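> Provided below for reference: sequence and predicted model.
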Amino acid sequence: MKKALLISLVIALLGFSSSFAYEDSPQTRSMPQQADSVTWEVTECEEDLTGETITFYHFGDLSGTFAFISQPLVAGFTDGAEFLNETGGVCGATVVQEFRDTGGSQDQAQAFWDELSVRDDAYSIFLYASADGELLREQALEQETVIFIAAGSELALYGEDGTPGNMYAIIPLYADQLGGFCDYIAENWASFGIEGDPVMGHVSWLGAFGQSTNTEAARAYCEAARVGYAGAEYYLPISPNVSTQVQAVVDNGANILFTTSLASGPAQIAGTVETEGLGDEVLVSGVNWVLDTSVIGLGGAATNGMVGLLPYTWWDEFEHPGVQVIAEKWRVNRLETAATPTDALAVRNIAYLVSFASLDMWREAMVRTINAVGWENLSGAALDATMQEFSYEPMGGIFRVDYTEGNRSVSSARIGSIQFIELDGNITPTIQPLTDWFDLPDLRTVGGADVP
Amino acid sequence: MTSTRATILGLSPQGLQLVLLAIGLLLAAGWLGQDDCSASGTSCFGLVQLTLNGVLVGGVYALVALGIVVVNKASGVFNFAHGYLMLAGALIFWQAYSATPSLGFAALLAGMAGFMAFTMLGYNPNTEDKRLSRLGRLRQQATHRRFWVGVGMGLGVALLLFWLLRNLESDVQFIITWRAGILRGAISAVIGSTVIGLVVERFAIRPLLGKPLLTLVMMTLAVGLLIQGITALIWGTQQNPLPIFTSETMTIRQQIAPGVFVDNTLPGEPLPNYTLPTRDLLGEDLSFTRNLVWGFGIALLGFVGFVAFFQLTPLGLAMRAAAENQMLAQSVGLRVRTLLAVAWAIAAVMAMAAGVIQGTGAGVGVSAIVIPPLAFRAFPAVLLGGLESITGALVGGILIGVVEVLATGLIDSATGQEFAPFAVLMVVLLIRPDGLFGERRVERV
């Protein structure tokens, strides 16, 4: 009993100390009134479901090593669900969400699938990780449950034989991203002022995620676009030092470093390039996760000038109605309640933006399905039939999806860059689009239309 | 009866060290004597740079390994919670580094330090009358002058630290410039880690003393998960930048809406690597990552400190005796529980140092994704060096680091990161199951 009391006391003290670890309150000034209603084109409901409840199921790693990216995802879904309900829910039905924490364990993912997928109202489930997608692909097909996923694994989306399943990604395939980036480099290389023809070296996280971009098809596509190849080096997220990997591809002639990693991954490469004195000799670039506030927060000034794929409308595009809604929810629910501004800014990232907008996509898909088959006949199979013909711009274009013709991932993006700019006498980091939206090449290993 | 035989392949540890050093020097001389140092065409400079990078990376592994070995040496427990001790310590450091601690946080840390000072200086358990209640024992202690000296010292320590934590806002000039944030972080993290180590020992390990070893090991796994949960509750799960060696910080104003800004602090322009002028000898200057140089230095300091501690101090000698045979140590009046508590406190501080060094890498930061798994990465270093050997932890760490970096640079990343360190470990363990510097135990019936 005494021990339990003592342990409770220690935990309480730790909590107590952290609760007022900083005395400064968030430094906010009043924000201009932002849009808080749906101002973009959505499908009107043909049924009134007021009084009903629809559950949005999702599960991912919230307590394991990837919690730093999952926490903003969950925050985005929470605030997104709140927004949906404030603006009429799904045909009047209230949206509730049910989340399960896998802790990064595949066994847990399987257990939650077994638990949730058999429920009558589990028409769809949202997943966070490529590995979970690959694990559940066949089971989802069998169960006729639609899966939305915040990752771009070709194996999960198309299987080994290239057959589209009922899994729909909200980001582009990584190989497609690389192809789109090579197209951009081929046309704009001179603007970077780096000597020599463009030669790309990959420095990415070791593992399925990091190694998924550098496919044979993507390499061939880049070489056809006259972007040379200087090899690939990989490192573990815990590597204390990546100078060996960076130096190896630079020694092979690389003047572009392309990374498939996130948060500390791109920041570590950018920092290493600067500390090695290579800042003027190479361009640091990467997949969509590179252009994120988490990368800026860790890498700081070293990330200035990084280039990557931007398949979203970013937070800094203040005039966009979808961004205005998301920014306002973030301010009210996150910034005003955070212990420090830094805590709130940690959530103002890619994951929050995309998960928030994904809920609008989910609502649109549900509405179209209910209109097509009626509330009584709503099922996973009916939702999948909708998705196969689904084309939409969530929240007025936070991202753009077109799942028709067997496509299972986002297929349009822009190229963007991290830029520290001076505004009203303040240095502020921004992510700026460098191009307009364009279609990414289809570089699927099996059946990719643009594979040379 | 158990006895130890500290020879390796017929060599004493010292002998083996000399052999390893000689091999290293021969290799270095061989490389430097050629224009092209390998069949793959890697330059001599490249090989030397890779090797030294490996030594520095190995320093981080060694720092982690030292903490694991200290606990193992004192209690025979392989501590699977070490990675989470690293995370907790680094987070405390980060919190005090990034801003002046609040009144509550500073008071808590200072109070803990004061209490520890009091128990060390003012409380003499040898004079306790076990028949009395706790309050009675306290009253009894209060009759001794030492008790009141301890109270005074405890209060003094608490007040001094509280003042320092709350007022240390300017850099301090002493030989070099010590940044205020680093000093605040170091003070806070040392106190916090010591307390965490003591709490873990008192409430998780001590009740299981005498139980099967597997039970203790499982407990360390549970403690690790508990610490992970508590750190997530207190600090959240975001990655926190800690650019104390690799750059200055810069204050920015993040625009969150047109004309609306939120203040934030980010790592500034990265500082260039340290360089060694070797242009005349190797054609280029060698360069070294700043945080790894500091990590290596701390690992060396830790090594020297531990060797001196275990060889020369009464407390260190007592810990060795207790590790060898707890019953025997108790029978000659050594307070085994206290010794264990000290070992866990030291290990937690070493863990904190390793966590901080890892978090200070350019772009790395302090988070659950980059710190706890590093402890698992250092396990080969511990096993290679020998579970109970301080020297082994250092040598094992450096060897694993060199093998990893050389294999990465000369073969490929996957080989270097995932295969080579474990292959070397396997080969060594096949030849020498107790590790390079481990003590082979011979059971005599």
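Cool, the structure landed. Numbers count the residues shown, from 1 in each chain, chains lettered A, B, ... in the order given.
> use CA for all of it now, contacts and neighbours both
OK.
> and chain B, is the longest helix seen in chain A touching that?
Secondary structure of chain A read by DSSP state H shows that its longest helix is helix A:350-373. No. Applying C-alpha under 8 Å from any C-alpha of the partner chain, one finds helix A:350-373 out of contact with chain B, separated by at least 12.4 Å.
> and B:Asp171, backbone torsions?
The phi and psi torsions at B:Asp171 (degrees, to the nearest 10) take the values phi -60, psi 150.
> what of B:Met250?
When quoted as degrees, to the nearest 10, the phi and psi of B:Met250 stand at phi -130, psi 140.
> do the same with A:Pro237
According to degrees, to the nearest 10, A:Pro237 has phi -60, psi -20.
> what's the neighbour count on it?
Using other C-alpha atoms under 10 Å in any protein chain shown, the number of residues around A:Pro237 comes to 23.
> one more: A:Ile149?
As a burial measure, the neighbour count of A:Ile149 was computed by other C-alpha under 10 Å and equals 25.
> you'd agree B:Ser193 is up against B:Val349?
Yes. Contact criterion C-alpha atoms under 8 Å: B:Ser193 and B:Val349 qualify, at 5.3 Å.
> what touches both of those two?
In the contact map built from C-alpha atoms under 8 Å, 6 or more residues apart in numbering or on different chains, the residues linked to both B:Ser193 and B:Val349 are B:Gly89.
> quick check: mean pLDDT across stretch A:351-370?
Averaging pLDDT along stretch A:351-370 gives 96.
> other residues contacting that stretch?
Contacts to stretch A:351-370, defined as C-alpha under 8 Å, 6+ apart, come from residues A:42-47, A:69-70, A:72-77, A:79-81, A:84, A:89-91, A:170, A:312, A:315, A:322, A:326, A:377-378, A:382-383, A:386-387, A:390, A:392-395, A:398-399.
> now, which of those lie close to chain B?
Counting by C-alpha under 8 Å from any C-alpha, the members of the contacts of stretch A:351-370 that reach chain B are A:Ile69, A:Trp315.
> tell me, what residue is most central in the chain?
Went with chain A since none was named. A:Ala351 (5.0 Å; C-alpha atoms, centre = their mean).
> try again with chain B
In chain B, the centroid-proximal residue (C-alpha atoms, centre = their mean) is B:Met350; its distance is 2.7 Å.
> and the closest residue to that residue other than its chain neighbours, how many neighbours?
Distances taken as C-alpha to C-alpha, 6 or more residues apart in numbering or on different chains place B:Gly67 nearest to B:Met350, at 5.3 Å, with adjacent residues excluded. The burial metric for B:Gly67, expressed as a neighbour count using other C-alpha under 10 Å, is 32.
> how about the contacts made by B:Gly67?
B:Gly67 makes contact with B:His82, B:Ile346, B:Ala347, B:Ala348, B:Met350, B:Ala351, according to C-alpha under 8 Å, 6+ apart.
> from what I see, B:Phe93 and B:Ala354 are in contact.
No. With the criterion set as C-alpha under 8 Å, B:Phe93 and B:Ala354 do not qualify as a contacting pair; they are 11.6 Å apart.
> quick one, which of those two is more surrounded?
Neighbours of B:Phe93 and B:Ala354, each counted by other C-alpha under 10 Å, are more numerous for B:Ala354; the result is 32 against 29.
> mind checking which helix or strand that one is in?
helix B:336-359 (DSSP states H and E).
> export only the CA atoms of the helix or strand following that helix, formatted as PDB.
Sequence-wise, the next helix or strand downstream of helix B:336-359 (DSSP H and E) is helix B:372-385. Output of helix B:372-385 as PDB, limited to C-alpha atoms (Å, rounded to 0.1, in the frame of the first residue of the first chain):
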ATOM      1  CA  PRO B 372      15.700   4.100 -26.900                       C
ATOM      2  CA  PRO B 373      16.500   1.900 -30.000                       C
ATOM      3  CA  LEU B 374      20.100   3.000 -29.700                       C
ATOM      4  CA  ALA B 375      20.400   0.900 -26.500                       C
ATOM      5  CA  PHE B 376      19.500  -2.200 -28.500                       C
ATOM      6  CA  ARG B 377      22.000  -1.100 -31.100                       C
ATOM      7  CA  ALA B 378      24.600  -1.000 -28.300                       C
ATOM      8  CA  PHE B 379      23.900  -4.500 -27.000                       C
ATOM      9  CA  PRO B 380      26.400  -6.100 -29.400                       C
ATOM     10  CA  ALA B 381      29.000  -3.800 -28.000                       C
ATOM     11  CA  VAL B 382      28.200  -4.900 -24.400                       C
ATOM     12  CA  LEU B 383      28.200  -8.600 -25.400                       C
ATOM     13  CA  LEU B 384      31.400  -8.200 -27.500                       C
ATOM     14  CA  GLY B 385      33.300  -6.500 -24.700                       C
END
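> could you give the mean pLDDT of helix B:372-385?
89.
> from the contact counts, what lies against the very next helix or strand once past it?
Scanning forward in sequence from helix B:372-385 by DSSP H and E, the next helix or strand is helix B:390-410. Helix B:390-410 sits against helix A:243-251, helix B:44-75, helix B:290-312, helix B:372-385, helix B:420-431, with contacts defined as 3 or more C-alpha pairs under 8 Å, 6 or more residues apart in numbering or on different chains; DSSP states H and E.
> how does it look with 6 Å?
Using 3 or more C-alpha pairs under 6 Å, 6 or more residues apart in numbering or on different chains; DSSP states H and E as the contact criterion, the neighbours of helix B:390-410 among helices and strands are helix B:44-75, helix B:372-385.
> mind checking if the helix or strand encompassing A:Leu298 is in reach of chain B?
Assigning secondary structure by DSSP H and E places A:Leu298 in helix A:293-299. Yes. Legend: contact between helix A:293-299 and chain B by C-alpha under 6 Å from any C-alpha of the partner chain is shown at A:Gly297, A:Leu298, A:Gly299.
> nearest spatial neighbour of the first one, chain-adjacent residues omitted?
Residue nearest to A:Gly297 in three dimensions, not counting chain neighbours: B:Leu266, with 5.9 Å by C-alpha to C-alpha, 6+ apart.
> the host helix or strand of that neighbour pairs with which strands, and in what direction?
According to DSSP H and E, B:Leu266 maps onto strand B:260-270. When sheet partners are counted by DSSP bridges, strand B:260-270 sits next to strand B:247-257 (antiparallel).
> can you list the residues of the stretch 301-445 of chain B near chain A?
Residues of the stretch 301-445 of chain B lying close to chain A (C-alpha under 6 Å from any C-alpha) are B:Ala362, B:Gly363, B:Val364, B:Ala368, B:Ile369, B:Val370, B:Leu374, B:Ser413.
> pLDDT weak spots in the chain?
No chain was given, so I picked chain A. Counting by pLDDT under 70, chain A shows low-confidence ranges at A:1-36.
> my question was about chain B, not that one.
Low-confidence segments of chain B, defined by pLDDT under 70, are located at B:1-42, B:125-126, B:440-445.
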